[in-house]
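In: Sequence plus predicted model, see below.
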Amino acid sequence: MLNNISGQLRERYSLITLSFPHHLTSKYHRATLTSPNQNGLISMTLCLILFVAITALPKLATATDFRVPSRESPTISSAIKAANSGDSIHLAPGIFQENITLNKALSLIGSPNQQSIIDGSGKGTVISITGSNVHILGLEVRHSGDVIEDSDACIYVTKKAVNIKIEDNKLRQCAFGIWINGSHNPTVINNSITGYQKKLISDRGNGIHIWNIQKGLIKGNRVFGVRDGIYLSNTGTSSIEDNIMDNVRFGIHYMYNDNNTVTGNITCNSTVGQAMMFSKRLVINNNAMINNRDHGMLLRAIYDSKINGNVAYGNNKGIFINDSDFNEITNNWVENNTIGVAVMAGAENTKVIGNNFISNTVQVLFSWRYSIYWNNEQQGNYWSDYLGWDYDSDGVGDRIYYASNRIDGLMHRHPKMRLLALSPVIQLLQALESRFPVLRSASVIDKKPAMQPTIATPNQIAFPEKACL
């Protein structure tokens, strides 16, 4: 019997020594060659040690696909309980009335065309993510609780859950659509989010609510009928790209976020397109704010940032600047707003060139003690109401452009005066102010006004019907 055991162990040893460290197996061979009489005992002893070591090693884990519903996993919660990290849970078409918690690294995958529906029955949060490396793909998630004070959400991500990915989902009837609470490296792409259509917009939650993350990517989402489309606070080194917000309060609401990129986003038919506040070193490029009731883009305490290539069309105020300085505002298109740009204070050290101000009722509303200049030695901006000339044909007007005057300020403070805007008296006062410097108020001045628009007409202006949801 001992010989049988020894033979079995020898056979197992011959298999495992192929992958066992060479310096250990070479010692065994030297021992068997130098002591033939002890060969059997040493062989058996070493094989016993190796056998115990090998059988004690954990088996290599292989990912498992769970199907829900099935006999083994009738519910999503039962599949989560049975699954190991790295497994996938595939949902059949149909409605699953559950509130679930993903507490390990799992992929939760819906059937094609978002036919797998997780319904929270109006209670609390529908999907809570507490584990890292979770992936949610292709679901419809609906009917969360509606208590915004309790952070009820269709999907809620906790601080411990890093590297999560939420993509291609439809979220509707949500207090908050997606709430990410301190989770780093999140990816949220191509989701459609609709909130509860409560009468007061302040009683709704935000579409995507983000607090205190780093290295996030929020891209290609479509948000409708919530409070703020995308709200971010205390967030850095993240990118907000190509999202569309419609019928919300603020399309993008920024508070205390540094070193971020905001590019290619569109907000329509809302109160404010982008409310950017108390942040530094932002890159705000190629966004569009269309037909918003108040501001297209609001810049409040924004510093050392680059605002380039944006479109503000059909808003009350295209761009509102207050206490925002040391920025670069270049190549933006501001058209058909009641006020093109409102400058309240603190923009005297900002570079403003290459912009196009077209057919705004008031091009610039300026409220500051002294004039500021929006040009450099080579270039200024294009103003559709500029009446100067270009004798040397260099594309730059030979006459200085004054972008604001006392009459504009009076009409802003007393809106009923707009009824007299084209009257001979108002036109005479404007002419007198332009010709007699002593009568001029502090103004935005452009010494290098462009004779033609500085960039091609943006697509959002050429095809406005395609821009919004």
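Out: Everything's here; your move.
In: Given whichever strand or helix holds F320, what are its sheet partners and their directions?
Out: Remark: F320 resides in strand 317-322, with elements defined by DSSP states H and E. Using DSSP bridges, strand 317-322 pairs in its sheet with strand 295-303 (parallel), strand 339-345 (parallel).
In: Deepest in the core, which of those is it.
Out: A comparison of these by mean neighbour count, using mean count of other C-beta atoms under 10 Å, puts strand 295-303 on top with a mean of 25. From N, CA and C alone the C-beta is placed, and that goes for glycine too.
In: could you say what helices and strands the next helix or strand after that one packs with?
Out: Next along the chain after strand 295-303, taking DSSP H and E as the criterion, comes strand 306-308. In terms of contacts (3 or more C-beta pairs under 8 Å, 6 or more residues apart in numbering; DSSP states H and E), strand 306-308 is packed against strand 283-285, strand 328-330.
In: contacts for the strand holding F320?
Out: Under the criterion C-beta atoms under 8 Å, 6 or more residues apart in numbering, residues 289, 294-301, 312, 329, 332, 334-335, 337-347, 350, 360, 365 lie in contact with strand 317-322.
In: hey, least reliable of the strands paired with strand 317-322 by pLDDT?
Out: For the strands paired with strand 317-322, mean pLDDT drops lowest on strand 339-345, to a mean of 92.
In: Can you give the contact residues for that strand?
Out: Contacts with strand 339-345, where a contact means C-beta under 8 Å, 6+ apart, come from 312, 316-323, 334, 357, 360-368, 372, 412, 444.
In: after it, next one along is what?
Out: Per DSSP H and E, the first helix or strand lying C-terminal to strand 339-345 is strand 351-353.
In: what's the very next helix or strand once past that next one packed up against?
Out: Per DSSP H and E, the first helix or strand lying C-terminal to strand 351-353 is strand 356-358. Judged by 3+ C-beta pairs under 8 Å, 6+ apart, strand 356-358 is in contact with strand 333-335, strand 382-383.
In: mind listing what strand 356-358 pairs with, with the direction of each?
Out: As defined by DSSP bridges, the strand partners of strand 356-358 come to strand 333-335 (parallel), strand 382-383 (parallel).
In: how about those in CSV, adding distance to I80, mean neighbour count and mean pLDDT?
Out: Shown next, in CSV, are these (distance: least, C-beta to C-beta, whole Å; neighbours: other C-beta atoms under 10 Å; pLDDT from 0 to 100):
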stretch, distance to I80, mean neighbour count, mean pLDDT
strand 333-335, 50, 25, 98
strand 382-383, 59, 24, 98
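In: export these to CSV and tack on distance to T235?
Out: Formatted as CSV, the strands paired with strand 356-358 follow (distance: least, C-beta to C-beta, whole Å):
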stretch, distance to T235
strand 333-335, 28
strand 382-383, 35
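In: Ok, which of those comes nearest N243?
Out: strand 333-335 (19.7 Å; C-beta to C-beta).
In: For the strands paired with strand 317-322, give me a markdown table that also has distance to D203.
Out: Shown next, in a markdown table, are the strands paired with strand 317-322 (distance: least, C-beta to C-beta, whole Å):
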| stretch | distance to D203 |
| --- | --- |
| strand 295-303 | 22 |
| strand 339-345 | 29 |
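In: Nearest to R71 among the ones you listed would be which one?
Out: So among those, strand 295-303 is nearest, using C-beta to C-beta, at 56.2 Å.
In: Mind listing residues that contact that closest one?
Out: 272-282, 284, 287, 289-290, 307, 310, 312-313, 315-327, 334, 337.
In: Just the buried ones out of those residues, please.
Out: Buried subset of those (neighbour count, 16 or more other C-beta atoms under 10 Å): 272-277, 279-280, 282, 284, 287, 289-290, 307, 310, 312-313, 315-322, 324-325, 327, 334, 337.
In: can you pull up the bridge partners for E241?
Out: K219, T263.
In: show me what contacts it?
Out: Contacts for E241 (C-beta under 8 Å, 6+ apart) come out as 217-220, 261, 263-265.
In: now swap in Q363 and tell me
Out: 340-341, 357, 383, 385, 403-404.
In: Swap in 6 Å and give it another go.
Out: 340, 357, 403 (C-beta atoms under 6 Å, 6 or more residues apart in numbering).
In: The second one reaches W383, doesn't it?
Out: Yes - because the distance of 5.2 Å satisfies C-beta atoms under 6 Å, F357 is recorded as touching W383.
In: From the opening residue of stretch 184-201 to its closing one, how far?
Out: In stretch 184-201, first residue to last residue: 29 Å (C-alpha to C-alpha, to the nearest Å).
In: Show the average pLDDT along that stretch.
Out: Averaging pLDDT along stretch 184-201 gives 94.
In: next one: that stretch to chain centre, how far?
Out: A distance of 11 Å separates the centroid of the chain from that of stretch 184-201, by C-alpha atoms, centre = their mean, to the nearest Å.
In: repeat for stretch 390-409
Out: The answer for stretch 390-409 is 39 Å, by C-alpha atoms, centre = their mean.
In: Ok, stretch 457-469 next?
Out: Worked out by C-alpha atoms, centre = their mean, stretch 457-469 lies 21 Å from the chain centre.
In: average pLDDT across it?
Out: Average pLDDT, stretch 457-469: 79.
In: End to end on it, go ahead and measure it.
Out: Terminal residues of stretch 457-469 are spaced 21 Å apart (C-alpha to C-alpha).
In: change the start of the numbering to 730 and stick with it
Out: Sounds good: first residue 730 from here, last item stretch 1186-1198.
In: List the buried residues in that stretch.
Out: By neighbour count on 16+ other C-beta under 10 Å, the buried set for stretch 1186-1198 is 1187, 1189-1190, 1193, 1196-1197.
In: And for stretch 986-996?
Out: Buried residues in stretch 986-996, counted by 16+ other C-beta under 10 Å: 986-987, 989-996.
In: what does stretch 898-912 contact?
Out: Against stretch 898-912 from outside (C-beta under 6 Å, 6+ apart): 843, 868-873, 875, 877, 880-888, 890-891, 915, 917, 920-924, 934-942.
In: Among the contacts of E970, which one lies nearest to G980?
Out: Nearest to G980, judged by C-beta to C-beta, of those is N994 at 6.9 Å.
In: how close does the closest one sit to S836?
Out: 28 Å (C-beta to C-beta, to the nearest Å).
In: Count residues in the vicinity of S1034, would you?
Out: When neighbours are defined as other C-beta atoms under 10 Å, S1034 has 23 of them.
In: Tell me who's in contact with it.
Out: Contact analysis of S1034 by C-beta under 6 Å, 6+ apart lists 1011, 1056.
In: ok, 7 Å please
Out: Shown in contact with S1034 (C-beta atoms under 7 Å, 6 or more residues apart in numbering): 1009-1011, 1013, 1056.
In: And I856, by the same measure?
Out: Applying C-beta under 7 Å, 6+ apart, we find I856 in contact with 829, 831, 847, 865, 870, 883-884.
In: what's the farthest-apart pair in the residues you listed?
Out: The largest distance within the contacts of I856, taken as C-beta to C-beta, falls between L831 and C883 and amounts to 13.4 Å.
In: Pick out whichever of the two has more residues nearby.
Out: Using other C-beta under 10 Å as the criterion, L831 and C883 rank with C883 on top: 31 against 24.
In: want to try a markdown table for the contacts of Q1092, with distance to I824 as columns?
Out: Compiled in a markdown table, these are given as follows (distance: C-beta to C-beta, whole Å):
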| residue | distance to I824 |
| --- | --- |
| G1069 | 50 |
| F1086 | 53 |
| A1132 | 58 |
